[in-house]
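Enquirer: Okay, structure incoming, though there's no sequence with it:
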């Protein structure tokens, strides 16, 4: 061949090992890799390496999500809920939330639809609004920006 096309691949381990993770590949058009990784849980072909770098940021959110789960469990234990019950309840609840969001897969409006479906004045709406007022989502975006700078080699990813 006149040219060599380099493929960059990101495996979402350990989820891919469980046939439940999404792999990132760039550039688009490698049908063999797309087919293989689709069978391992999914594949997103990124048009450019810049796109792939942006997508990689969300892979760094596994730890914070586990931290959110731990905070839920710790709070329940402080309310005298047995740790085993708190852990089982919280982890199953998060599983259900993620499965609900994933049902329509590639529909870009799915998550917003789930937000809009929350009972007006209910606990979920109140919790979301309270977190917005506390700056939770803006702070999350700042943390993601910092991770993106690290992935691009422009910083160590720390927030001052």
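Expert: Cool, the structure landed. The structure displayed is predicted, hence computed values, not measured ones.

Enquirer: out of everything not next to it in sequence, what's closest to the residue most central in space within the chain?
Expert: Central residue of the chain (C-alpha atoms, centre = their mean): residue 58, 4.9 Å from the mean position. Excluding the flanking residues, the one nearest residue 58 by C-beta to C-beta, 6 or more residues apart in numbering is residue 144, at 7.7 Å. C-beta: built from backbone N, CA, C; applies to glycine.

Enquirer: Am I right that the one you found sits in a helix?
Expert: Yes - applying DSSP: H, G, I helix; E, B strand; the rest coil, one finds residue 144 inside a helix.

Enquirer: residues contacting it?
Expert: Neighbour list for residue 144: 57, 58, 60, 61 [criterion: C-beta atoms under 8 Å, 6 or more residues apart in numbering].

Enquirer: any idea how far residue 35 is from the residue nearest to the centre of the chain?
Expert: 23 Å (C-beta to C-beta, to the nearest Å).

Enquirer: for residue 21, same thing?
Expert: Counting by C-beta to C-beta - residue 21 and residue 35 are separated by 16 Å.

Enquirer: Compare these two (neighbour count), which wins?
Expert: residue 21 (17 against 10; other C-beta atoms under 10 Å).

Enquirer: The more buried one and residue 40 touch, don't they?
Expert: Yes - counting by C-beta atoms under 8 Å, residue 21 touches residue 40, with 6.8 Å between them.

Enquirer: Surely residue 30 and residue 43 touch.
Expert: No - if you go by C-beta under 8 Å, residue 30 and residue 43 don't touch, sitting 9.4 Å apart.

Enquirer: Which positions in stretch 113-130 come out as buried?
Expert: By 16 or more other C-beta atoms under 10 Å, stretch 113-130 has no buried positions at all.
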